[in-house]
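In: Below: sequence and its predicted model.
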Amino acid sequence: QEICFVPDDDYTLLLRSRRPEALRPGDIVDADGKVLGRHEGYARYTIGQRRGLGVAAGVPMYVTAIDPATARVTIGPRERTMGTRLTAARANWHADVPERFDATVQVRYNHRGAPGAVRRTGPDSFAVEFAEPVHAITPGQAAVVYDGDRLLGGGWIEDAG
């Protein structure tokens, strides 16, 4: 996606100057650890990504995990990208909300949002249990909480499952 503050939309150049380790080559593996291919930097991938994997598997494959420590990108079928829960931190609430409540939670910019049970776990953290599995809940992305069209708040996804 486009990043407005990056000159010429060249996020690779930005990463190379600020986080060069994110562009070191690594393996693309399946859930069993079998090497299916190589990549030129795990920062070029995101959970749920299907296009541009550079691996032919005979069935559509999606990024299911990224391990920065090993530069390993794991791929698998779409069902392996589905999750029913998340935890978020650094929450910012724009409305008074109770300790537990139902809401619609958006987990990425183009996600329509999904119904879930929200539980505040601290002054700046919360957990969500979704009513149905959600595609590509990704640590590092925002979880934004709504009541209809009304923004309640949000936080940064730390864990998903």
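Out: Received, thanks.
In: for the chain, what spans make up the strands?
Out: Taking DSSP state E, the strands of the chain run over residues 26-29, 35-39, 62-67, 72-76, 82-93, 100-106, 114-122, 125-135, 142-147, 150-160.
In: Okay, buried residues for the fifth one please.
Out: Looking back up the chat, that one is strand 82-93. Buried residues in strand 82-93, counted by 16 or more other Cβ atoms under 10 Å: Met82, Gly83, Thr84, Arg85, Leu86, Thr87, Ala88, Ala91, Trp93. For every residue, glycine as well, the C-beta is placed using N, CA and C.
In: Which secondary structure elements does it sit against?
Out: strand 125-135, strand 150-160 (3 or more Cβ pairs under 8 Å, 6 or more residues apart in numbering; DSSP states H and E).
In: For the ones you listed, could you give me a markdown table that also reports mean neighbour count?
Out: Below are those laid out as a markdown table (neighbours: other Cβ atoms under 10 Å):
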| stretch | mean neighbour count |
| --- | --- |
| strand 125-135 | 17 |
| strand 150-160 | 17 |
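In: so can I have TSV of these showing distance to Leu14 and mean pLDDT?
Out: Output for those, formatted as TSV (distance: least, Cβ to Cβ, whole Å; pLDDT from 0 to 100):
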stretch	distance to Leu14	mean pLDDT
strand 125-135	27	97
strand 150-160	20	96
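In: so which of these gets nearest Arg18?
Out: For the helices and strands packed on strand 82-93, distance to Arg18 was read as Cβ to Cβ. The smallest value, 18.8 Å, belongs to strand 150-160.
In: gap between the closest one and the chain center?
Out: In terms of Cα atoms, centre = their mean, to the nearest Å, the gap separating the centre of strand 150-160 from the centre of its chain is 12 Å.
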